[in-house]
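**Student:** Sequence and predicted structure are below.
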Protein chains: 2
Amino acid sequence: MSPERVPVEANGRSARTRRFKLFFLDRASAVSLQAQLTSQIKELIRTGQLAAGDRLPSSRDLAANLRVSRNTVVYTYDRLVSEGYLHSRLRSQICVAESAPELQRAVRERVRDRQAVPVPATVLISGGSAAPIPFRPCQPDVQLFPLAMWNRLRSRSLRSSHRSLLHYHSAAVLGLRELRENLAAYLRESRGVRCEWWQVAITTGSQQALYLLAQILLNRGDRVYMEDPGYQGAVRAWRAAQAQILYLPVDAEGAMIPALADHPAKLIYVTPSRQFPTGVSLSLTRRLALVNGAGDSSTWIIEDDYDSEFRYDAAPLPSLQNLDACGRVIYIGTFSKLLFPALRLGYAVLPVSLVERFQELKSVVDDHGPMIDQATLAAFLDTGAFYSHIRRCRRFYAERQRTFLEAIQKGGLPFDFRYTDGGMNLTGFLPREFDDIESSARLRRAGLDVPALSSYSERAVAAHSAASDENPPCEPGLVFGFTAFAPERIRAGVENVLRTGLR
Amino acid sequence: MSPERVPVEANGRSARTRRFKLFFLDRASAVSLQAQLTSQIKELIRTGQLAAGDRLPSSRDLAANLRVSRNTVVYTYDRLVSEGYLHSRLRSQICVAESAPELQRAVRERVRDRQAVPVPATVLISGGSAAPIPFRPCQPDVQLFPLAMWNRLRSRSLRSSHRSLLHYHSAAVLGLRELRENLAAYLRESRGVRCEWWQVAITTGSQQALYLLAQILLNRGDRVYMEDPGYQGAVRAWRAAQAQILYLPVDAEGAMIPALADHPAKLIYVTPSRQFPTGVSLSLTRRLALVNGAGDSSTWIIEDDYDSEFRYDAAPLPSLQNLDACGRVIYIGTFSKLLFPALRLGYAVLPVSLVERFQELKSVVDDHGPMIDQATLAAFLDTGAFYSHIRRCRRFYAERQRTFLEAIQKGGLPFDFRYTDGGMNLTGFLPREFDDIESSARLRRAGLDVPALSSYSERAVAAHSAASDENPPCEPGLVFGFTAFAPERIRAGVENVLRTGLR
């Protein structure tokens, strides 16, 4: 696709005749309008905005558009034809001449300029399809999403709002009220989250919640406890706030919660329902220790409950926030994995004391979010279709987890899949002598997408550079996401893994 | 609407029977499951999550859900009935008893807690309709927007993408490539902006562009030149970056650009096409001085081209960025006023040297934006409907501007409407002795929304506190937006203004 693509005109005219909105005529200037127009057309040719063969508007059209006399344009064109910049074709069409004096030089300059400016490397990573390949973690199966129902609810919301949904909603920085109310009710009921509707803030995915919280809670150098291995999106948010990050290893009871009274910090980030990416649940003992410790030491807790819906053999666990009597827990979540990722709707349930600060910063960051999607989600939460969808996903994902485990465990690779009670991903821990980064690269060369557990760990990075007893490196492993792939594809992917091997 | 609203179950069951996902049974604990369940039910009652009369699930259901023996639940219920927490009705229904010992205390505690926690003042400002009233500035008429066409394009984009639009698009931090290409082509053609597609970043409104630019360009204490009166969204972004803001008065040639070599700054913010909110265009002389000065002194220029499409009697002016040979101008804009505000799509055209930094920060702030809307806009830009829509808006808005001016100028109030060549707003300057804040408040009491010019000015604020010759306060005036209102409403609104008077 050429980057020089020109929109087709509404009247079907060839795209090569462009609208000329490029002239600025200063009627107060001492320079005549004709001279101004002449030099500006030359400039357009010189800078390549007019190319050889491009057709200029008729003198009548251009004069009307610029509100100058037709003679001004006619004289300008005549001069430029005589100087070789323009060429007059049949039926009074004026075009840029191939031989325009500036043209060759301009082409050479532009080539040189473009060569001089290296295209940033990040630009070169351009999409193909965004669809995930096995076994990318955390990808919902978007084919399961009731898109037709969603679109019907969207149309209905638009119609019933009589277009008022389309306006600015500067009072709705934290989201559409109806969505906040419905979401609050849902979270109370399903996760035991204790909140009023006005404590619920709608964000652009949970990533925005993490960023905003880091900005309002952390000053440069403040200490943050972070699970390790852990979610890198959170790590990036702490880094953007220039916090000092301390990494908490994860064992069979979950993240190893420090004694906050003795080792205080501003903030601690946990994924207690299902630790990301290992999959272990934070034990009740550790939850109580965490909540009580935070209450005593005024530490903020961010509970990131990213996929709690997907517990296959029993009801999801109540939230950590449910145990919190001191208003220290900030509960965040996302609809990306439950509905579809490109929707970009997440939320934070804020302790009362943080609501105003969060709202203030969000209004500077982006004013408010897209309202049609918020109204549609509010309606969706209010219907049985939402619950049907969750149940359907659970059913499909449970089957896919079974399919995956059956297939991979037949293969004889030394994976230890420890935590299999739910979730969208399964971590296969490996014996210490394996280099999971290498294994992941090997699988990538075979056309698979299976991140190394170490890629989620800062301690693994540190371990490569300096031996340290204080921070034993995290165990090696591979993180398999299975939810986005139909069973046949899972089996084929597993065969590929087994065939390729890990080293 | 009660905040305790409970979604209706998909099977139509009464909402008062809730799903119990609130129990966490630690099978590894020394405490028996029955004791755990008992205390947790009591806790639910104490904290008000179970209210008097709420029905609990049958022992069979709860046992199946929690995967415990039915006896465990039966014994738990029996005990709680005997202790007075639960009550057994006909047909084995178990409910929370009115007289539950915890209940009264819980109710009293909750009332006390709610009284103790003041609802933040900002929460109390809840919507009514978001629709603007005369004469709120910068509001497009959403009734003019071709919503049916937009929805058709949306459906088509979804279908042709085979749902791949719904996935994560982590490579599309700066937006969908097709949108960036189409937008780049449009800006090149209509505004003379010089750029490659990969320099175009899609943001959540222009507010996000301002915020991100402030974060990547400004350190604490850096100097920023800001137009005054000027756009307060920009001021908030500089403040969030803790910059030192220096205010530039606005005269008949536009913002008074300082000699940047002698008085350097990190950044200067201008709205050169039509200064917001006064409406004056930046003269060619000042534009050249600004661009040349910035090139020499390495100052960044943010050109906010918020409503350049709405020039009624001639083509829009070329952008400032068009004159920039040194890569100092960052061109930002928005679709909020051209399409509809709740869409939240804006953009920044970045100098090559800023692309990577901007992308890096945006990926931390919110990963990427909503993709369906971006794909729809990409398609919309590619059709004649986009241009038809612009022409249609111009036609309607030009008529409304005429209607407004005719009506208001008959009224005998001492307004001086100086800059009437286009735009969505008209500033009526007032003689120095008027207090425009007072006049605005007066009009507000009469049901009108007409901001005072001084409300956009920091110098006006400073002037009230200290006399200063260096920073003469801005002239008083009132800013009238006319685009969102049909002619009859404009005339009625003007009659109201004339009737109410300014003091």
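**Tutor:** Nice, thanks for sending it over.

**Student:** Can the helix of greatest length in chain A be said to contact chain B?
**Tutor:** As assigned by DSSP state H, the longest helix anywhere in chain A is helix A:384-409. Yes: applying Cβ under 8 Å from any Cβ of the partner chain, one finds helix A:384-409 touching chain B at A:384-388. Glycine gets a C-beta too; all of them are placed from N, C-alpha and C.

**Student:** Out of these, which one has the lowest pLDDT?
**Tutor:** Across those, the smallest pLDDT goes to A:G384, namely 80.

**Student:** okay, stretch A:446-463 in CSV with CA atoms only?
**Tutor:** What follows is stretch A:446-463, C-alpha atoms only, in CSV (Å, rounded to 0.1, in the frame of the first residue of the first chain):
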residue,chain,number,x,y,z
ALA,A,446,9.3,-24.1,15.0
GLY,A,447,6.4,-21.6,14.7
LEU,A,448,5.2,-21.7,18.3
ASP,A,449,4.7,-18.9,20.8
VAL,A,450,5.5,-20.2,24.3
PRO,A,451,7.1,-17.6,26.6
ALA,A,452,9.7,-18.7,29.0
LEU,A,453,8.8,-18.3,32.7
SER,A,454,12.1,-16.5,33.1
SER,A,455,11.0,-13.8,30.7
TYR,A,456,8.5,-12.7,33.4
SER,A,457,11.3,-12.5,36.0
GLU,A,458,13.7,-9.8,36.9
ARG,A,459,15.5,-12.1,39.3
ALA,A,460,16.3,-14.4,36.4
VAL,A,461,17.9,-11.4,34.7
ALA,A,462,19.8,-10.5,37.8
ALA,A,463,20.9,-14.0,38.3
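
**Student:** can you pull out the strands in the stretch 151-300 of chain A?
**Tutor:** A:200-203, A:223-227, A:244-248, A:250-251, A:254-255, A:267-270, A:300-304 (DSSP state E, counting those that start in this stretch).

**Student:** who touches the fourth one?
**Tutor:** Spelled out, it's strand A:250-251. Strand A:250-251 has contacts (Cβ atoms under 8 Å, 6 or more residues apart in numbering or on different chains) with A:227-229, A:256, A:275, A:278, A:280, A:474.

**Student:** cool, and the last one?
**Tutor:** Outside of strand A:300-304, the residues within contact range by Cβ under 8 Å, 6+ apart are A:206, A:210, A:213, A:217, A:231, A:234, A:266-272, A:276, A:290-291, A:294, A:319-321, A:324, A:328-333.

**Student:** quick one, whichever helix or strand comes after that strand and strand A:300-304 angle?
**Tutor:** Going down the chain from strand A:300-304, the next helix or strand is strand A:329-334, by DSSP states H and E. With axes from the mean of the first three to the mean of the last three Cα atoms, to 10 degrees applied, the angle from strand A:329-334 to strand A:300-304 works out at 20 degrees.

**Student:** what helices or strands is the next helix or strand after strand A:329-334 leaning on?
**Tutor:** Counting by DSSP H and E, the element after strand A:329-334 in chain order, helix or strand, is strand A:346-349. Judged by 3 or more Cβ pairs under 8 Å, 6 or more residues apart in numbering or on different chains; DSSP states H and E, the packing partners of strand A:346-349 are helix A:177-191, strand A:200-203, helix A:205-217, strand A:329-334.

**Student:** Include mean pLDDT when you put the ones you listed into CSV, please.
**Tutor:** Shown next, in CSV, are the helices and strands packed on strand A:346-349 (pLDDT from 0 to 100):
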stretch, mean pLDDT
helix A:177-191, 94
strand A:200-203, 98
helix A:205-217, 98
strand A:329-334, 97
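
**Student:** Including mean neighbour count and distance to B:C393, could the ones you listed go into a markdown table?
**Tutor:** Shown next, in a markdown table, are the helices and strands packed on strand A:346-349 (neighbours: other Cβ atoms under 10 Å in any protein chain shown; distance: least, Cβ to Cβ, whole Å):
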| stretch | mean neighbour count | distance to B:C393 |
| --- | --- | --- |
| helix A:177-191 | 22 | 30 |
| strand A:200-203 | 26 | 30 |
| helix A:205-217 | 25 | 32 |
| strand A:329-334 | 26 | 37 |
